[in-house]
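# whatever this is, show me its structure:
(chains A and B)
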Amino acid sequence: MSANAKLKRRRQAIYGWLMLSPAAVLLTLFAFYPSVATLWSSLFSRGTRRNPSEFVGFENYSYLFEDPTFWTVVKNNLLYAGVTIPVSIFIALAMALWANGKIRARSFVRTAYFTPTVLPMIAAANLWLFFYTPGLGVFDQIGSLFGLPSVNWLGQPETALWAIIIVTIWKESGFFMIFYLAALQTIPEDLKEAADIEGASRWTYTRRIVLPLLMPTTLFIAVNAMINSVKLIDHLFILTKGGPSDASKLILYYIWELAFAFFDSPSAAALTILVIAVLGIVAAIQFLYLDRRTHYQ
Amino acid sequence: MKGLTKFLDSFGAILLAIIWVAPLLFAFWAATHSTSDAVNLKLFSPWTFDNFRVAWAGAPWLQYFVNTFLLVTVILVGQFILTTLAGFAFAQMDFPGKDFVFILVLMQLFILPEVLIVENYAMVSRLGLFDSILGVGMPYMASAFGIFLMRQSFKSVPIELHEAARIEGCGLLGILWRVYVPLAKPTYIAYGLVSVSTHWNNFLWPLIVTNSPDTRPLTVGLSIFGAPENGVDISIISAATMMSIAPLLIAFLIFQRQFVQAFLRAGIK
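Here you go, the predicted model:
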């Protein structure tokens, strides 16, 4: 009996590992090994023909901290995250409350909100180019009706990053809306009836009942929005290329530029490690801290 | 009073909806009118399809479409096979080291593939897959997200069905194929829709790994076509943009409900 059970266990182990192995091999090749290799290569100098690459410890990191572009890029990305995360969550919530309510043309409204989600960021950037182009763009055309001067939205440091931020908000809000919409549909009708009987205003009902019940969804969306604030950079390639003078450059774009335009892969590796570390820390804090403050049914 | 709030709600919702589709409508309008009419916003100018003709002739679009189609297919097939096997192993098999490996897989959820572009590029070159569709697709096949999704889905299959199939003489792979896979069909559809629309739209990684029109997907082709160095005007860029988003957009408008359900299912589980 015990010999039989042992045999069965061993068979399970072999089958289990066999089924896992294709995925394990690819994950090792394209996730685990590259992470370790990035950490490793961030500790070595950039090899040239005369000076082969050698171990330099944390020198690449201290170069990075002395690089003014690094600080510009970090500041830009913090602003990018600080604006896009709350604004798109707020718009997504408004969209969901409307799309869930009894309004006219509801299916058109829902489709309109969600459509940007299925477009490639590159295409979205092309669409917005038509709005931003100085002189010819829609914004300038509308402005000129009111006698406003032409504005080069993408070409001046004060507005370039904001132009990028607007496209991101436009792209992701509708995606976040559907999670709120699904959550709203699970809120029981009798809560609304009870609130009506108690004479609570719509605002009170939303603030005291709906928003707390949506808290887990908000957490989920916030984590996603945070990841997006690192990830969504494709439109930079079309709209600004990070310019003018780095005013709209974001971290991932800078990593790409360091590695594939300046061929400085040690700096790119160091920056990558910093991004991974920050993402990890933020994820941990969010789960440990916010988890306790959210309401679960 | 109640009527007024109701009216304001509808008004606000529809206004926001119009703002939200405006970029798409403007681009469509620009694509179907001559450049000078489009930039002067002449609303009643004649329609034309010249922009589409010029745009189509300006780049190997058919090849780009084929490449994107092949790319999403290769990724989807790879993902289905790998995540099914791994998801099943995590859900229903018992073997030493399982929990440890599962935590490693979950960690990959936080390491975005986008961030590892430098080393992944080195790896793809080392494997001799630079500038190939397989090279673009490979890093996404063993998706931690997909493995997690499949595991959840397989875990909800009643063990009685598994036992019954075994008594009928089904082998392990037979049970997986005949019992688990059919029952997980909604998960496959959801995951498939999310995967196809993600990779149809992906840009940064294909930009790095492709280097010729024979492998370039639509997004990369579109970005090269619209580059300011090429001096293409706004109507023609709009036409090219419309062309490249048309298949996915039309599919979305037809299967809207399924798309939304898919994103929900994939996100919430």
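
# what does the stretch 151-269 of chain B put close to chain A?
B:172, B:197, B:200-204, B:207-208, B:218-219, B:222-223, B:226, B:234, B:237-238, B:240-241, B:244-245, B:248-249, B:252-253, B:256, B:259-260, B:263-264, B:267-268 (Cβ under 8 Å from any Cβ of the partner chain). Every residue, glycine included, has its C-beta placed from N, CA and C.

# buried subset of the residues you listed?
Burial by neighbour count, judged by 16 or more other Cβ atoms under 10 Å in any protein chain shown, picks out B:172, B:197, B:200-204, B:207-208, B:218-219, B:222-223, B:226, B:234, B:237-238, B:240-241, B:244-245, B:248-249, B:252, B:256, B:259-260, B:263-264, B:267 from these.

# so which of those belong to helices?
B:172, B:197, B:200-201, B:204, B:207-208, B:218-219, B:222-223, B:234, B:237-238, B:240-241, B:244-245, B:248-249, B:252, B:256, B:259-260, B:263-264, B:267 (DSSP state H).

# which secondary structure element contains A:S144?
Taking DSSP states H and E as the definition, one finds A:S144 inside helix A:138-145.

# give me the next element, helix or strand, following that helix.
Next helix or strand after helix A:138-145 toward the C-terminus (DSSP H and E): helix A:157-184.

# list the buried ones in the strand or helix carrying B:L161?
Using DSSP H and E, B:L161 maps to helix B:159-167. By 16+ other Cβ under 10 Å, the buried positions in helix B:159-167 come out as B:162, B:165.

# quick one: low-confidence parts of the chain?
The chain I'm using is chain A. Applying pLDDT under 70 to chain A flags residues A:1, A:49, A:135-136, A:286-287, A:289-297.

# not quite, go with chain B.
B:1-2, B:38-43, B:228-232, B:267-269.

# outline the domain layout of it.
B:2-53, B:60-268 (automatic domain parsing).

# most tightly surrounded among those?
domain B:60-268 (a mean of 19; mean count of other Cβ atoms under 10 Å in any protein chain shown).

# coming back round to it: wait, which of the domains of chain B is closest to A:I227?
Minimum separation from A:I227 across the domains of chain B (Cβ to Cβ) falls at domain B:60-268, 6.7 Å.

# same for the helix holding A:S144, what does it pack against?
Where contact means 3 or more Cβ pairs under 8 Å, 6 or more residues apart in numbering or on different chains; DSSP states H and E, helix A:138-145 is packed against helix A:121-132.

# follow-up on the earlier one: format the domains of chain B as TSV; extra columns: distance to A:T72.
Output for the domains of chain B, formatted as TSV (distance: least, Cβ to Cβ, whole Å):
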stretch	distance to A:T72
domain B:2-53	29
domain B:60-268	19
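
# which one, of the ones you listed, ends up nearest to A:P212?
domain B:60-268 (18.7 Å).

# run the chain-centre distance for the closest one.
Taking Cα atoms, centre = their mean, to the nearest Å, the mean C-alpha location of domain B:60-268 is offset from the chain mean by 7 Å.

# which residues does B:F252 contact?
When contacts are counted by Cβ atoms under 8 Å, 6 or more residues apart in numbering or on different chains, B:F252 touches A:115, A:118, B:197, B:259.

# just give the closest residue to the last one, not the sequence neighbours.
Leaving out its chain neighbours, the residue that sits closest to B:F259 by Cβ to Cβ, 6 or more residues apart in numbering or on different chains is B:F252, at 5.4 Å.

# anything in stretch A:85-104 near chain B?
Yes - residues of stretch A:85-104 contacting chain B under Cβ under 8 Å from any Cβ: A:91, A:94-95, A:98-99, A:101-104.

# pull out the buried residues from those residues.
Buried by 16+ other Cβ under 10 Å: A:91, A:94-95, A:98-99, A:103, out of the residues of stretch A:85-104 next to chain B.
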